[in-house]
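K.L.:
one predicted model, sequence on top.
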Amino acid sequence: MWPQVYFNWLRNFSPTGSVEIYPEISDSFETNLPNVFVIGDLTGVPLLKMAAESGVQVWKHIPEISNNRLDAVIIGSGPAGVSCAMEAKRLGKKYLVLESNLPFQTIQSYPKKKPIFAEPKEFQSNSSIKILDTVKEDLLKDLNQILKQNPINLETNQRVISIRKDHAGYVLETETGSTYQTNSVVIAMGKSGDPKKLGIKGENESNVSYRLIDPKETSGSSVIIVGGGDTALESAILCSEYAKEITIIHRGGDFSKAKSENKNLVLTLESEGKVKIIFESELQEITPSFVFVKTKQSAIKIKADLIYVMIGTLPPIGFFERVGIKLQNQKNIMDWVGLTGLVSFAMTAYFGKASFYGPIWFSFLASFSAFISAVSLITYAIIVWKKRETKFDHWKIFKFSYFLFVFFYFLTVYFSSSYQGYHLLGKYPSFHYTFLYSLTILVFGIRRMIVRKTDYIFYQTLSLIGIQVFFLFLLPELILPALGELGYLGSQDGYIRTEIFPSDAYWKAYGFILAWPLSMGVLYDGGITKFWLVYGISFSFVFIPFLVYRYGKGAYCGWICSCGGLAETLGDEYRQKMPHSKTAYRFEHSGQYILFLAAILTFLKLVGVFGKFYFPSFILGEMVADSVKWIYDIVVDIGLAGVVGVGCYFFYSGRVWCRMFCPLASLMHIYARFSQFRIFSDKKKCISCNICTKNCHQGIDVMGYASRGIPMDSVQCVRCSACVSLCPTDVLQFGKLNGNQVTFDLLDAKMRK
């Protein structure tokens, strides 16, 4: 019972929402199929202004191919598709727009007088289509006028059912049997696919609808509206003038995801008796005349002539699966082969570098893992060659070449050391592992600073590179040994070589940066000195708590830690892969158990080391701790931190270790519950696009906070700034909360693109 109470206290009622499923696309709008692009709402940004802009920007990435085919077929004629067609016309491209219905059909299906918000306000689009604050009818009038003045090559009533790759490009087929040959495809069909269903009895009754077209149709009727978002509230507002009575059924405790204007209007209508709201309730059954609703207190029966289910729509997932476009976080055989290869290589690296200090079976496991990793690499290459669907740009070629270099470099170092007794540069594999680790942070850190051009990310990445390269590689591995040999560290019985680096243990320099219990050696050491005892306790229990209190856990995890350094650089491209499932939320505090075990082992060790001279029996505690510590090292340091943490980088994001298992992060979770650090949000700007949640590689439901206007205080936050910098409407800001006073981060203004 008490662990759950404790975990609930740590989680502090954090939202645990999931992310919507969209096609997996690159920064250039390209899917896994070469020259097949996705623009508009299906990029995950439900803003008409941004959709129109994506139609312009995509032409920067569509290749010029000289043949008799169309340069591009554009599927869909909403704002994104029409904008894309107009840009193609301006550029003199050969194009065609295929529309399954009529132009701007999705907007046409909006309820009458639906308000249109031209967000973000300050954004200036390059598109010929200009979106202004207005209502549905005026927007349609403007759009149709633009289309009339600027005619495009458009075929209506042509629903695309297949996209087939051939020797030169793609062949598209429609329901009518028509076929079209093209070099590239631009999918701009919008996300208004099938409506989300409730999965209850009676849902297919004739009085059930999933969209409101004309509010006048509700005249004199008892209306039930299911949902709590803007669409549901806007429908209630529009129908309130005509319906006899309106009841909103919402499973939440408030309208957290709706715009404040809509929320206030509905609450006003409730106070006037025109709308009834039932929070924390669910529809259980629908009949031709009534609905049955389950509330917190009981089940009730409500008169219902018309039921509108307004809980959102599903992207056209079936279409994407049918044509072979990969969805976000969808795993295919290449992902599983890649996971096997990377986990195997991580086993080789971690057990290989530990084999010179551990049992002999470490060497056997490392060698076997190297074989599995090599087989996986060959299998992956064969799959890529056979499918030939992966488009290799300069970065991908460099990245894969770098991975091959790391793979063969470490395997050469390991096998030559283990089986031939030759140590490259006179160093064991652990040295070369640290070299490769630091080099990777440097290489991918430079890439991150180039791609994500914000001052915050520049300084943060520079900090991670500097600390890793200097303090966690050059200093312990090269500088200190060289200074020791030259006599610059004093005599053998001097303070530095007895208290700080006893017996020339320069590896202890890692403890300057890696705090307990991430680095257990800081406090867990049979030869621990007074210096390291004082430093270790001060670092872990004084300095870090102060840092977390003022700036949040991310001040260490995102700016100092070597694990965070690799996650923010090598793992930057894969942050969207972090699962947001209920299972993931259940396991995200597993590190608390590891922290508890680390605390027990360290306590027993220190009591034994310092107490055995006064109470000889205390040595039993040290013996018990040592008998368990080697298992801890294998399971936690090698297994979870190394094999799982690194092995899952391209499969589940680079923060699996940090989020789930790291004992230092778990210690900082406790500190973070008292921190001043918050991410503040302007709820009025939030469009519930889920981009912030999707890009959080700590699995935080950032949108759950932002849509409610609640300061985000999740203990998981590592200050990576992805949610702040990627938000299309500038909703979020870093800051501190001191009582009722809010101060914003000085770098916050420099955090956005």
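P.N.:
Yes, it's here. Bear in mind the structure is a predicted one, so any value in this text is a computation, not a measurement.
K.L.:
can you count the residues close to the closest residue to residue 699 other than its chain neighbours?
P.N.:
In this structure, residue 699 finds its nearest non-sequential neighbour in residue 578, 5.0 Å apart by C-beta to C-beta, 6 or more residues apart in numbering. Heads up, the C-betas are built off the backbone N, CA and C, glycines and all. Neighbourhood size, residue 578 [other C-beta atoms under 10 Å]: 25.
K.L.:
hang on, residue 578 packs against residue 700?
P.N.:
No: assessed by C-beta atoms under 8 Å, residue 578 is found out of contact with residue 700, at 9.3 Å.
K.L.:
quick one, grab the pLDDT at the nearest residue to residue 554 once chain neighbours are set aside.
P.N.:
If the residues on either side of it in the chain are set aside, residue 554 comes closest to residue 719, at 2.6 Å by C-beta to C-beta, 6+ apart. What the model reports as pLDDT for residue 719 is 93.
K.L.:
name the helix or strand for residue 719, please.
P.N.:
Counting by DSSP states H and E, no helix or strand carries residue 719.
K.L.:
now it. Its backbone dihedrals?
P.N.:
phi 60, psi 40 (degrees, to the nearest 10).
K.L.:
quick check: it touching residue 556?
P.N.:
No: using C-beta under 8 Å, residue 719 makes no contact with residue 556, being 9.4 Å away.
K.L.:
how close does the residue nearest to residue 699 get to residue 329?
P.N.:
9 Å (C-beta to C-beta, to the nearest Å).
K.L.:
cool, and residue 396?
P.N.:
From residue 396 over to residue 329 (counting by C-beta to C-beta), the distance is 20 Å.
K.L.:
of these two, which one has the most company?
P.N.:
For residue 396 versus residue 329, the count of surrounding residues by other C-beta under 10 Å is larger for residue 329: 20 against 12.
K.L.:
which pLDDT value belongs to the more buried one?
P.N.:
81.
K.L.:
what pLDDT does the nearest residue to residue 475 once chain neighbours are set aside get?
P.N.:
Closest residue in space to residue 475, ignoring its immediate chain neighbours: residue 509 at 5.3 Å, by C-beta to C-beta, 6+ apart. As summarised for this prediction, residue 509 has a pLDDT of 94.
K.L.:
and what of the one 10 residues further on?
P.N.:
Per-residue confidence at residue 519 stands at 91 (pLDDT).
K.L.:
give me every residue that touches it.
P.N.:
510, 511 (C-beta atoms under 8 Å, 6 or more residues apart in numbering).
K.L.:
could you do the one 3 residues further on as well?
P.N.:
When contacts are counted by C-beta under 8 Å, 6+ apart, residue 522 touches 511, 514, 515, 516, 532, 535, 536, 539, 540.
K.L.:
is it fair to say the fourth one lies in a strand?
P.N.:
No: when the secondary structure is assigned by DSSP: H, G, I helix; E, B strand; the rest coil, residue 516 falls in coil instead of a strand.
K.L.:
just checking, it touches residue 606?
P.N.:
No: at 10.9 Å, residue 516 does not count as touching residue 606 under the criterion of C-beta under 8 Å.
K.L.:
give me the common contacts of those two.
P.N.:
Here residue 516 and residue 606 have 523, 524 as joint contacts, going by C-beta under 8 Å, 6+ apart.
K.L.:
could you show me where the strands are in the stretch 551-700 of the chain, in order?
P.N.:
Under the criterion DSSP state E, counting those that start in this stretch, the stretch 551-700 of the chain carries strands at the ranges 677-681.
K.L.:
tell me the pLDDT at the closest residue to residue 19 other than its chain neighbours?
P.N.:
Distance criterion C-beta to C-beta, 6+ apart; nearest residue to residue 19, sequence neighbours excluded, is residue 694 at 4.6 Å. At residue 694, the pLDDT value in this model is 89.
K.L.:
and what of residue 265?
P.N.:
pLDDT for residue 265: 92.
K.L.:
skipping adjacent residues, who's closest to it in space?
P.N.:
Setting aside the residues directly before and after it, residue 265 is nearest to residue 237 in space (C-beta to C-beta, 6+ apart), at 5.3 Å.
K.L.:
how far away is that neighbour from residue 740?
P.N.:
For residue 237 relative to residue 740 (C-beta to C-beta), the value is 34 Å.
K.L.:
swap in residue 488?
P.N.:
According to C-beta to C-beta, residue 488 stands 54 Å off from residue 740.
K.L.:
so between those two, which is more surrounded?
P.N.:
residue 488 (11 against 5).
K.L.:
now do the contacts for that one.
P.N.:
So residue 488 contacts nothing (C-beta under 8 Å, 6+ apart).
K.L.:
just the pLDDT for it.
P.N.:
At residue 488, pLDDT is 93.
K.L.:
for residue 164, same thing?
P.N.:
Note for residue 164: predicted pLDDT of 93.
K.L.:
ramachandran angles for it?
P.N.:
The phi/psi pair for residue 164 (degrees, to the nearest 10) is phi -120, psi 130.
K.L.:
so what's the residue count around it?
P.N.:
By the other C-beta under 10 Å criterion, the neighbourhood of residue 164 contains 11 residues.
K.L.:
beta-bridge partners for it, please?
P.N.:
Bridge pairing for residue 164 (DSSP bridges) gives the partners residue 171.
K.L.:
which residues are in contact with it?
P.N.:
By C-beta under 8 Å, 6+ apart, the contact set of residue 164 is 170, 171, 172, 173.
K.L.:
secondary structure of residue 509: a helix, I assume?
P.N.:
Yes: looking at residue 509 with three-state DSSP, it is inside a helix.
K.L.:
what is the neighbour count of it?
P.N.:
Neighbour count of residue 509, defined by other C-beta under 10 Å: 18.
K.L.:
that one contacts residue 484, correct?
P.N.:
No: Residue 509 is beyond contact range of residue 484, at 11.3 Å (criterion: C-beta under 8 Å).
K.L.:
so what's in contact with the two at the same time?
P.N.:
Residues within reach of residue 509 and of residue 484 at once, by C-beta under 8 Å, 6+ apart, are residue 501.
K.L.:
and the residue nearest to residue 127 when sequence neighbours are not counted, how far is that from residue 146?
P.N.:
Leaving out its chain neighbours, the residue that sits closest to residue 127 by C-beta to C-beta, 6+ apart is residue 52, at 3.9 Å. Using C-beta to C-beta, residue 52 is found at 10 Å from residue 146.
K.L.:
shared neighbours of the two, anything?
P.N.:
Shared contacts of residue 52 and residue 146, counting by C-beta under 8 Å, 6+ apart, come down to residue 129.
K.L.:
comparing those two, which shows the higher neighbour count?
P.N.:
Neighbour count, other C-beta under 10 Å: between residue 52 and residue 146, residue 52 has more, with 28 against 16.
K.L.:
check contacts around the more buried one.
P.N.:
Listed by C-beta under 8 Å, 6+ apart, the contact set of residue 52 reads 79, 80, 83, 125, 127, 129, 131.
K.L.:
for residue 283, same thing?
P.N.:
198, 200, 224, 226, 249, 291, 292, 293, 294, 307.
K.L.:
tell me which element it falls in.
P.N.:
strand 282-286.
K.L.:
what's the following helix or strand after that strand?
P.N.:
strand 290-294.
K.L.:
which other residues reach that next one?
P.N.:
With contact meaning C-beta under 8 Å, 6+ apart, strand 290-294 is reached by 224, 249, 278, 281-286, 299-304, 307.
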